[in-house]
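*Asks:* Okay, sequence plus prediction incoming.
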Amino acid sequence: MRAAGSQKGLSFIGWLVALAVVAFAVSTAAKVVPHYLDYMSLKKIIEAAGTDRNADISDSGEFHAYVAKGMQINNIRDVDLNKALSVTTENNRFLAHLKYEQREPLIQNIDLVVKFDREFSVDKP
């Protein structure tokens, strides 16, 4: 019998299992991370609507147009802005509610679902 100290490292099967786990994690991250990056960009666009002095935003339609233009600049195409963003005006600010979900197929009938739901209070410029 060999001593336990002389047996070091993973076997071939062990390496295959480790490689499969890493490949699964990388594949999952590659499908989910772009949606989070799009959400972060949308968040910045909505927050910038209140600080952009060049934009003449006075009603919810112009707010939608500003966000749509920012989405076009940032190449965000997977989000339907008309369904995802609702804007109301209260006092001297906009109340924007961004709510949507994205689905990515993972394995056959298993999907990854990411949901985004956030409310913003943006002062009128």
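*Replies:* Cool, the structure landed.
*Asks:* Report the secondary structure state of the residue nearest to residue 94 when sequence neighbours are not counted.
*Replies:* Nearest residue to residue 94, sequence neighbours excluded (CB to CB, 6 or more residues apart in numbering): residue 122, at 4.5 Å. C-betas here are computed from N, CA, C, even on glycine. Three-state call for residue 122 (DSSP: H, G, I helix; E, B strand; the rest coil): strand.
*Asks:* confidence score at residue 122?
*Replies:* Looking at residue 122, its pLDDT reads 90.
*Asks:* quick one: it and residue 87, what's the gap?
*Replies:* In this view, residue 122 and residue 87 are 9 Å apart by CB to CB, to the nearest Å.
*Asks:* more crowded one of the two?
*Replies:* residue 87 (21 against 18; other CB atoms under 10 Å).
*Asks:* Direction included, what does the helix or strand hosting the more buried one pair up with?
*Replies:* Secondary structure from DSSP states H and E places residue 87 in strand 85-90. The pairing partners recorded for strand 85-90 under DSSP bridges are strand 93-107 (antiparallel).
*Asks:* Run the chain-centre distance for the partner strand.
*Replies:* 8 Å (CA atoms, centre = their mean, to the nearest Å).
*Asks:* So what touches it?
*Replies:* Outside strand 93-107, the residues that touch it by CB atoms under 8 Å, 6 or more residues apart in numbering are 28, 31-32, 35, 42-43, 46, 49-50, 57, 60, 63, 78-80, 83-89, 111-124.
*Asks:* now do stretch 54-67
*Replies:* If you take CB under 8 Å, 6+ apart as the criterion, stretch 54-67 is touched by 42, 45-46, 49, 52, 81-82, 85, 87-89, 94, 96, 122, 124-125.
*Asks:* Would you mind checking those for buried ones?
*Replies:* When the contacts of stretch 54-67 are checked for burial by 16 or more other CB atoms under 10 Å, the buried set is 42, 45-46, 49, 85, 87, 94, 96, 122.
*Asks:* Farthest pair within these?
*Replies:* With CB to CB as the measure, no two of the buried ones among the contacts of stretch 54-67 lie farther apart than 42 and 94, at 14.6 Å.
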